[in-house]
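[1] Here's my sequence, what's the structure:
(2 chains)
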Amino acid sequence: MSSPAPQLIGRLVALGIGGVVVQTAAVAQLPIAGANADLSPLLVMAIGLLCGSLAGGCFGFAVGLFVDIVSFQTLGVSSLVLLAVGYGAGRLREARDPEGTLVPLAVGAIATLAFSIGFALMQFLLGASAPVSWALLRQTLTTLVINALIALPVYAVVRRFLLAALPEDPRRRRRRAYTTGGLSPLSRS
Amino acid sequence: MYDKTVRRRRAVLGLLVACSLILLTAYFGESGGGVLHGVQRGTSEVLNPVQEGTSRALKPVRDLFGWFGDTLSAKSDLEKLTAERDRLRGELALRDSARYENRRMARLLETTQALGLSDYGPKTARVFATSPTVWYATIRVDKGSSDGVRLGHPVINEQALIGRVTAVFNGAAQVTLLTDTSAGGTSAGVSARAGKNSVFGVVEPVGAGNPNDLLLNNVAPSADLNPGDRVYTRGTIPGEKQGSLYPRGLPIGEITRIDHEGTDTEEVHLRPYANMRDLDYVQILTKPKAIGA
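    Numbers count the residues shown, from 1 in each chain, chains lettered A, B, ... in the order given. Sure thing, here's the model as predicted:
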């Protein structure tokens, strides 16, 4: 495995910083049905699906750390949970390589759910005394629905932003192979 | 090569997890003025202007989303408030109606007491129908034979005498007003007295469709009557000196003008006190005494 290109790293850093700033400065201030969208797990999920587990894990850790710093939260909580989210999304791509159009939607919803549950668990482990109330569950579910709805556009934007810097996009490679006739099953028959 | 990649991946993962746990532990272990807190504060101070700028730049987008949210919320509020407004309007109408009815009933009671009609068995009745044509000045009330109402019983409102019962049903009765002029109608003159000298006359309707004008007939040409004189029931049947179902002294109206005064064709016009077009509640005197009988 070769090291990621500097151009890709630069874009990932820009994406992470921009995403967290937009999240805290704008998206967090847009209440929808009493909850907010959360871009962090969606960004991490998209990087995991596009770049693999290693990049996904590192991106998740970095974004989580940045979120914790910017939001003045306990350092290490978001980074640990988003690390797992990014790594899991990357492993999904490496192990299954799902191709469906709605994959980002499903993975985005699972990533959001995993982030919400993981974050809540960490808070409880750290001694948060907040009870599991109906309001908390409702907010979590609402965020899950909103994130599932915006997962596809977020994934599309991230993919478009990184496309030029991605060294090996399996889908691009597959399309190129079919059009050139190199790996097409039709050409072999 | 594959093993190396896997090992590298796992090593990085383990390292990042360890970093997270170290950060957590260190963050919890240090005081508010520690290094990590200082890094947090410093980063926040650097990023605060960026965040503020971004927030300002994205304000139109937020406003747009807020507008959509407000619009949806306003639509929901509009439906609720419209329903509430309709309900309150209904309640207000009922309350106004109740207040109005209460006021009229109170005045009706006052009139009954002022005229000393308590012994005449007054029954309060609600008007639920009026004659649809100008030719018949009749009303229908919700008290009938089951309430003791009989033919000929006098009917008053809170202002004056208005007529008498001309048809009785089980739970309703028809009242013919003083202004009824229908052909073959059941209206009949009311013997009355007018003026300072209690001039005798018979109150009769003038013509169809004029509920504000009555005539005082059978008045002697030399009678001392003037506009403004009050007209009351006499308590006798016209033409006979026997008792009438109308109690003595019920107000009827006020003389407005005298045509052809001093001649045989003299006409004394009077305006009834009762507004015949605005009858909601009336009282039927169910125990009329034949005064003088």
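[2] Write out the residues of the stretch 51-200 of chain B neighbouring chain A.
    B:51-52, B:54-55, B:58, B:61-62, B:65-66, B:69 (CB under 8 Å from any CB of the partner chain). In this view, the C-beta of every residue, glycine as well, is placed from N, C-alpha and C.
[3] out of these, who's nearest B:V39?
    Comparing those against B:V39 with CB to CB places B:Q51 closest, at 16.9 Å.
[4] Quick one: which of the residues of the stretch 51-200 of chain B next to chain A is the most crowded by neighbours?
    B:L58 (19 neighbours; other CB atoms under 10 Å in any protein chain shown).
[5] Flag every residue of chain A that's near chain B.
    Counting by CB under 8 Å from any CB, the residues of chain A that sit close to chain B are A:1, A:21-22, A:24-26, A:29-32, A:53-54, A:57-58, A:61, A:64-65, A:68-70, A:72, A:74-77, A:79-80, A:83, A:87, A:126.
[6] The longest helix anywhere in chain B packs against which elements?
    The longest helix of chain B (DSSP state H) is helix B:59-114. Packing partners of helix B:59-114 (3 or more CB pairs under 8 Å, 6 or more residues apart in numbering or on different chains; DSSP states H and E): strand B:122-130, strand B:281-285.
[7] before we move on, back to that, got a quick ChimeraX command for the buried subset of the residues of chain A next to chain B?
    A single ChimeraX command selects the buried members of the residues of chain A next to chain B (16 or more other CB atoms under 10 Å in any protein chain shown):
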select /A:21,22,24,25,26,30,32,53,54,57,58,61,64,65,68,69,70,74,75,76,77,79,80,83,87
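[8] B:G144 against B:V175, yeah?
    No - counting by CB atoms under 8 Å, B:G144 does not reach B:V175; the two are 11.4 Å apart.
[9] How much space separates A:L102 from chain B?
    25 Å (CB to the nearest CB, to the nearest Å).
[10] which phi and psi does that residue have?
    Backbone geometry at A:L102, expressed as degrees, to the nearest 10, gives phi -90, psi 10.
[11] ok, now which ones touch it?
    For A:L102, the contacting residues are A:L152, by CB atoms under 8 Å, 6 or more residues apart in numbering or on different chains.
[12] same check, this time on A:A164
    Going by CB under 8 Å, 6+ apart, the list of residues near A:A164 reads A:Q7.
[13] hmm, try it at 10 Å
    A:7-8, A:11 (CB atoms under 10 Å, 6 or more residues apart in numbering or on different chains).
[14] Please apply the same query to A:M45.
    Here A:M45 is in contact with A:56, A:60, A:82, A:85-86, A:88-90, A:92, A:104, A:107-112, A:114-115, A:147, A:151, A:154-155, A:158 (CB under 10 Å, 6+ apart).
[15] Any chance of JSON lines for the residues of the stretch 51-200 of chain B next to chain A, columns pLDDT?
    Below are those laid out as JSON lines (pLDDT from 0 to 100):
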{"residue": "B:Q51", "pLDDT": "78"}
{"residue": "B:E52", "pLDDT": "79"}
{"residue": "B:T54", "pLDDT": "79"}
{"residue": "B:S55", "pLDDT": "77"}
{"residue": "B:L58", "pLDDT": "77"}
{"residue": "B:V61", "pLDDT": "77"}
{"residue": "B:R62", "pLDDT": "74"}
{"residue": "B:F65", "pLDDT": "75"}
{"residue": "B:G66", "pLDDT": "74"}
{"residue": "B:G69", "pLDDT": "72"}
